Structures are given as C-alpha cells and as structure tokens.
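> Show me how the following folds:
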Amino acid sequence: MRSNEARRWEKNLKSVFDVIDAELEAEYGSNYTRNPVRPEKGTTSNPESDGLFNVGAAFSAGYGSKYGPGYIVETRLSTLEKVPEDIRSEIRRKIFQRLEDLLPGAFPGKELHVSEENGIIRIHGDLSLDD
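Sure thing, here's the model as predicted:
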C-alpha cells in the first residue's frame, strides 16, 4: 500500500503531465490520425486514455544511470501513421522544456532536475515525500 504522501507526490507529477498532454494535443493533435481504437480527446476522465498523446512517467531505481533514482518520461503517440524522427525529437524537446518550466511550481522547495540520458528524459533530484 502506498502512503498518502507518495500518492500526493505522484498526483502532482500527473498534473504536470496532464498540462503537457493538453498542450501537445492542441499543437499536434490534428496533424495525425488517432488510432481508431483510441477514444477521442476529452472523452475519458483521464487524458492518458484518450487523444493522440499519452505522456507520463514511471519510477526507476536508477541502476546504471548516472542520475540515480528518478522518473523515466514515457511518451506515446497513438497513431498508425509514421511520425518522422524530426517531429518526435521536436516533441521530446518541448516535453523537456515544459518539465523544466512546470516542475518548480508543482513541487515548491524541491530541487528537481530534468536530464536526458541515452535519448531518455529523466526527472531526478529531491524525491523526498516531505513538504
């Protein structure tokens, strides 16, 4: 069972990803045909479950990473179309920048960092659950 503090921390993190998801949907959502099995944007109670994008993170213990424990950012585009690598790179850069912009407001007083390692965006730093 997860503590209330851990749930609150991850809820704050999810709120950051929900903002980023909405921004990406607004900018790129009409550029690609959504996978037909995926619901239209805004038709579910969770932005992860609808629209073109699913942006989130999974905790990593950090084994093999120079940054140690943190969160690995995961981005999925729900389309059957081929998305060019330059567009995927552009999307990654925007996610990276928005994380740098939004994390301080979501986690005041925490020293969190956004880094890229082997093509993967990582969030690391002060992951403590105290306020």
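> S128: what's it in contact with?
By Cβ atoms under 8 Å, 6 or more residues apart in numbering, the residues touching S128 are K110. C-beta here means a position set from N, CA and C on the backbone, and glycine is covered the same way.
> Okay, and the beta partners of the spatially most central residue of the chain?
By Cα atoms, centre = their mean, the chain has its centre lying nearest to G56, at 3.4 Å. On the basis of DSSP bridges, G56 is bridged to E74.
> Next one: it relative to I123, how far apart?
11 Å (Cβ to Cβ, to the nearest Å).
> From the contact counts, what lies against the helix or strand harbouring S89?
Assigned by DSSP states H and E, S89 falls within helix 85-106. Under the contact criterion of 3 or more Cβ pairs under 8 Å, 6 or more residues apart in numbering; DSSP states H and E, helix 85-106 touches helix 4-28, strand 70-77, strand 112-117, strand 120-125.
> A61 reaches Y71, doesn't it?
No - in terms of Cβ atoms under 8 Å, A61 does not count as a neighbour of Y71; the distance is 11.1 Å.
> Quick check: L13 vs E40, distance?
25 Å.
> Which one of the two is surrounded by more residues?
Comparing L13 with E40 by other Cβ atoms under 10 Å, the one with more neighbours is L13, at 21 against 11.
> What about E27, how many residues nearby?
13.
> how far away is it from I95?
For E27, the distance to I95 - Cβ to Cβ - is 12 Å.
> cool, and R2?
From R2 across to I95, the span is 25 Å (Cβ to Cβ).
> Can you pick out the residue with more neighbours from these two?
Comparing R2 with I95 by other Cβ under 10 Å, the one with more neighbours is I95, at 21 against 9.
> I'd guessed the more buried one sits against V19; true?
No - using Cβ under 8 Å, I95 is not in contact with V19; the gap is 11.0 Å.
> which residues are in contact with stretch 61-68?
Residues from elsewhere that reach stretch 61-68 (Cβ under 8 Å, 6+ apart): 69-70, 113, 115, 117, 122, 124.
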